[in-house]
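In: sequence unknown, structure follows:
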DNA sequence: CTCTTGACGCCGG
DNA sequence: TCCGGCGCCAAGA
């Protein structure tokens, strides 16, 4: 791949269950939590997704307010409908209070 | 070395 | 809801 940070990010995203999501910030926090000292914030997670997102369920990583990643809303929404991800009524955004994944452990 | 750019986040207006 | 501003930080130019 590219670096350890990239690998850790992809690992986390890979484990997000169908129908659930994580925000960019949450992914960054998880990586940081499991590997103290390994830098990288939400923006770096977004960078990893733009480069290697095609090998993981990238649509399960959304912005903090539940909206899908920029310029990929259409495809993401399709996936949400396909896997039954809870959406906010009348909006093209995930209902974070229900869909936010909390990895056990 | 100094900008500029992002699949971002948060607060305020 | 839609801005604008600031923080963030790696990668390019």
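Out: In hand now; what should we look at? This is a predicted model, so every value here is computed, not measured.

In: any idea how far residue A:93 lies from residue A:104?
Out: Distance, residue A:93 to residue A:104, by CB to CB, to the nearest Å: 26 Å. Every residue, glycine included, has its C-beta placed from N, CA and C.

In: so which of the two has more stuff around it?
Out: When neighbours are counted by other CB atoms under 10 Å, residue A:93 and residue A:104 differ, and residue A:93 comes out ahead with 17 against 4.

In: give me the phi and psi for the residue of chain A positioned farthest from its centre.
Out: Distance from the C-alpha centroid of chain A peaks at residue A:90, with 21.8 Å (CA atoms, centre = their mean). Main-chain torsions, residue A:90, degrees, to the nearest 10: phi 70, psi 0.

In: one more: residue A:72?
Out: Dihedral angles (degrees, to the nearest 10) for residue A:72: phi -140, psi 20.

In: check contacts around it.
Out: A:58, A:59 (CB atoms under 8 Å, 6 or more residues apart in numbering).

In: ok, the residue positioned nearest the centre of chain A - contacts?
Out: In chain A, the residue lying closest to the centroid (CA atoms, centre = their mean) is residue A:61, at 1.7 Å. Residue A:61 is in contact with A:13, A:16, A:21, A:22, A:23, A:24, A:27, A:45, A:49, A:69, counting by CB under 8 Å, 6+ apart.

In: inside strands: which ones of these?
Out: A:22, A:23 (DSSP state E).

In: roughly how far apart are the residue farthest from the centre of chain A and residue A:75?
Out: 20 Å.

In: give the contact list for residue A:51.
Out: A:2, A:6.

In: and it, what element?
Out: According to DSSP states H and E, residue A:51 maps onto helix A:42-52.

In: what's the helix or strand for residue A:77?
Out: If you go by DSSP H and E, residue A:77 is part of helix A:73-83.

In: run through who's touching that helix.
Out: A:18, A:19, A:57, A:59, A:62, A:67, A:68, A:69, A:85, A:87, A:92, A:94.
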